[in-house]
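Q: sequence and computational prediction follow.
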Amino acid sequence: MRIHRRPVEPFDDDLLLAGLATGDAELSVAFVRRFQRRVFGVALSVLGEPRLAEDVSQLAFERAWRHAQVYDPCRGSVAAWLTSITHNLAVDVVRAR
């Protein structure tokens, strides 16, 4: 069986988030690849520790997946929404320490 892969670069962020929400494997991978550096960078800038930033990044993507259906494009871009999730999680880790 041959799997035909769709090119994901031309897809907008909203479509990638919708793919994440519905469990579309290709769109979910594309979503993570598109935002992984940004998410890790935000977590690292708050935490200052790469290993902790990796953990927070993973949590941020998990939270985005669980809450993708409540994303409201009227309140901001997908990038801003995901950045806020990441920042809030990282701040929570700092407070807990």
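A: Cool, got the structure. None of the values given here were measured: they were computed from a predicted structure. Numbers count the residues shown, from 1 in each chain.
Q: tell me where the protein has helices.
A: Per DSSP state H, the chain carries helices over the ranges 13-22, 25-47, 50-67, 78-96.
Q: and the ones you listed as TSV, adding mean neighbour count and mean pLDDT?
A: For every residue, glycine as well, the C-beta is placed using N, CA and C. Listed next are the helices of the chain as TSV, based on neighbours: other CB atoms under 10 Å; pLDDT from 0 to 100:
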stretch	mean neighbour count	mean pLDDT
helix 13-22	18	96
helix 25-47	18	97
helix 50-67	17	98
helix 78-96	17	98
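Q: what about Gln69, how many residues nearby?
A: When neighbours are defined as other CB atoms under 10 Å, Gln69 has 10 of them.
Q: need the contact list for the closest residue to it other than its chain neighbours.
A: Using CB to CB, 6 or more residues apart in numbering and skipping residues adjacent in sequence, the residue nearest Gln69 is Ala21, 5.3 Å away. Residues counted as contacts of Ala21 (CB atoms under 8 Å, 6 or more residues apart in numbering) are 65, 68-69.
Q: for those, which one is nearest Val42?
A: Trp65 (17.5 Å; CB to CB).
Q: pretty sure the closest one contacts Ala18?
A: No: judged on CB atoms under 8 Å, Trp65 makes no contact with Ala18 at a distance of 11.7 Å.
Q: contacts only, for the residue sitting nearest the centre point of the chain.
A: Centroid-nearest residue in the chain: Phe61, 4.1 Å away (criterion: CA atoms, centre = their mean). When contacts are counted by CB under 8 Å, 6+ apart, Phe61 touches 32, 35, 39.
Q: what's the spacing between it and Ser77?
A: According to CB to CB, to the nearest Å, Phe61 and Ser77 sit 17 Å apart.
Q: show the contacting residues for Leu17.
A: Contacts here follow CB under 8 Å, 6+ apart; on that basis Leu17 touches 31, 64, 68, 71, 78.
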